[in-house]
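Q: Predicted coordinates and the sequence they were generated for:
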Amino acid sequence: MTRVAFIAFKLKDRDPVSIETEKWIRIFDNLGFHVHRIAGYIPEPASNDHIIPDLSSVDPRVEELAAAIFDDKQPEKRISPWLRGLADDIEGRLVSLLDDIDPDLLVVDDVFSLPLNLPFSLVLGRWLAEKKLPCVAVHHDFYWWHDRFVSGWFGDLLVNNFPLGSANVVNVTPDRASNRELYRKTGKTSKIIYSCLDFDSVSLNDPAREGERGRLFTQGVAGKGGDKTATGSGESAPGRGSHARGDGFGTIVLLPAGAWSQASIAGTAEFVRKLEAETGSPAFLVSDGAADNELDPDCPRLDIAGQAFRGAASGAGHVWRRQRLPGFGEADPVGIYAMSNIVILPEASRGMMPVIRAIACRKPVVCVDGPLMDELRELGLQFLTLDGEAVTRVAKLMDLPLLIEEMLERNFEIGRRYFSLESLTKMILELIAPVLLPAK
């Protein structure tokens, strides 16, 4: 049986890289491969899961060294022995494990993308060069996207190892923009494999979810001093409300978790306020996980988690949940996306997954244009541009339910064609066939 080892800083966790890697592992399992996981952190490890704590990016020794490596005030003569010492410790355990597993293929996630654990990356690179083992290096990120990796004494190591330039390594990027940027920055080529979802698992007709939406709106509107209206009068407000709400309650605008700037967050809050005024029905802002910045405190929001509000005087609809919400988010492609009406992306994004979830859950996307959205539009997908006319455009579209249903159904079918697990399986098979069976 062909042995495949997946190796990363951590695996089987709830972060986006771990979740995407698990989809690959599921496919390799279904194809009949014997799969091993190797990482610094693996919750609930199984028999073929191997934990080496020094491989983690958050191991205290690793974090301290990483901080020193990219601090140009630290003397190089202090860092170099420190780097070699930790590399020796990692090599002793990692090489022994890899030799015992004797994989036919190694799949590496972000270890050759980000220098979060430089000794780990260097040890693994040397082992691959010595063994000439086929390797798929998956890049969800690049070090030059982060200012923290600009300074330091080890620029040559970054250029030579992130990513590796070995002939036996096939680089994988998640979209065309990343593919082109990698080549422009390094001269190295890559295969494009999109992030994917199980489209067949998405079911929107869930009575319990609709009941929860009703509870949330009742709670949220009460917190604003109203009774199922945005006006606080207790009477139905005029306007497009029913179409905007879709279920007689109102509009939930989802801002996916991400490193949004404070200006974009403020702009999103303003979008929600204007949408409420335009439609004459309640509008609320929610998120599926931790945000890097605090929202505008005046923006109406719902406590999707159903947990206690922060502060006795906060009141319903006036709390920003910074932690990941139980039952929603990365691990649940339906969850909060299915409960929302609109997904908003206030900045040009580097990741497709929020858009893919919105497509799978048949939700309209309001977004800032950029290379990634241009690439998705070229596949035939339709989105609404976030500009000065966006609120009016969204409100008018929600007055045309048949038109929006047609657009969302078309997006769903295109999404399933390019971003389903079936599509991912096909892309992986095309990727590994020449790697495991090279032409003679």
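A: Noted; the coordinates are in hand.

Q: Could you use CA atoms for every contact and neighbour count after this?
A: OK.

Q: Quick check: buried residues in stretch 97-108?
A: When burial is assessed from 16 or more other C-alpha atoms under 10 Å, stretch 97-108 yields the following buried residues: P103, D104, L105, L106, V107, V108.

Q: Using CSV, list the CA coordinates for that stretch.
A: This file holds the C-alpha atoms of stretch 97-108, laid out as CSV (Å, rounded to 0.1, in the frame of the first residue of the first chain):
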residue,chain,number,x,y,z
LEU,A,97,10.3,9.0,12.4
LEU,A,98,10.3,9.7,8.7
ASP,A,99,12.7,6.8,8.1
ASP,A,100,10.5,4.5,10.1
ILE,A,101,7.4,5.5,8.2
ASP,A,102,9.3,5.4,4.9
PRO,A,103,6.6,7.4,3.0
ASP,A,104,6.2,7.2,-0.8
LEU,A,105,5.0,10.8,-0.9
LEU,A,106,5.2,13.7,1.6
VAL,A,107,2.5,16.4,1.6
VAL,A,108,3.8,19.5,3.4
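
Q: What average pLDDT does it get?
A: Predicted confidence along stretch 97-108 averages 95 (mean pLDDT).

Q: List the contacts of that stretch.
A: For stretch 97-108, the external contacting residues (C-alpha atoms under 8 Å, 6 or more residues apart in numbering) are 2-8, 133-138, 436.

Q: one more time with 6 Å
A: Applying C-alpha atoms under 6 Å, 6 or more residues apart in numbering, the set of residues contacting stretch 97-108 from outside is R3, V4, A5, F6, I7, P134, C135, V136, A137, V138.

Q: closest to A263 among those?
A: Nearest to A263, judged by C-alpha to C-alpha, of the contacts of stretch 97-108 is V138 at 32.2 Å.

Q: Could you count how many residues lie near that closest one?
A: 25 (other C-alpha atoms under 10 Å).

Q: does it really touch D175, like I thought?
A: No: counting by C-alpha atoms under 6 Å, D175 is not a contact partner of V138; they are 11.7 Å apart.

Q: Among the buried residues of stretch 97-108, which are located in helices?
A: When these are checked against helices using DSSP state H, none is located there.

Q: re earlier: quick check: strands, which of the contacts of stretch 97-108 are part of them?
A: When the contacts of stretch 97-108 are checked against strands (DSSP state E), the matches are R3, V4, A5, F6, I7, C135, V136, A137, V138.

Q: Quick check: the fourth one touching R37?
A: Yes: the criterion here is C-alpha under 6 Å, and F6 meets it with R37 at 4.9 Å.

Q: Can you turn the buried subset of the ones in strands among the contacts of stretch 97-108 into a selection I can paste into ChimeraX?
A: Command for ChimeraX, covering only those of the ones in strands among the contacts of stretch 97-108 found buried under the criterion 16+ other C-alpha under 10 Å:
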select :3,4,5,6,7,135,136,137,138
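
Q: With pLDDT and distance to A338 added, can I get the ones in strands among the contacts of stretch 97-108 in TSV?
A: Rendered in TSV, the data for the ones in strands among the contacts of stretch 97-108 read as follows (pLDDT from 0 to 100; distance: C-alpha to C-alpha, whole Å):
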residue	pLDDT	distance to A338
R3	94	38
V4	96	35
A5	97	35
F6	97	32
I7	97	33
C135	94	37
V136	96	34
A137	96	33
V138	96	29
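
Q: what's the closest of the ones in strands among the contacts of stretch 97-108 to A167?
A: The nearest member of those to A167, counting by C-alpha to C-alpha, is C135 at 9.5 Å.

Q: ok, now which ones touch that closest one?
A: If you count contacts by C-alpha under 6 Å, 6+ apart, C135 has them with L105, L106, V107, V169.

Q: cutoff 10 Å now
A: 4-6, 104-108, 128, 166-171, 432, 435-436 (C-alpha atoms under 10 Å, 6 or more residues apart in numbering).

Q: Next: T392.
A: Neighbours of T392 in contact, by C-alpha under 10 Å, 6+ apart: K274, L275, E278, T279, M398.

Q: Give the PyMOL command for selecting the buried subset of these.
A: Buried members of those, defined by 16+ other C-alpha under 10 Å, are picked up in PyMOL with:
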select buried, resi 274+275+278+279+398
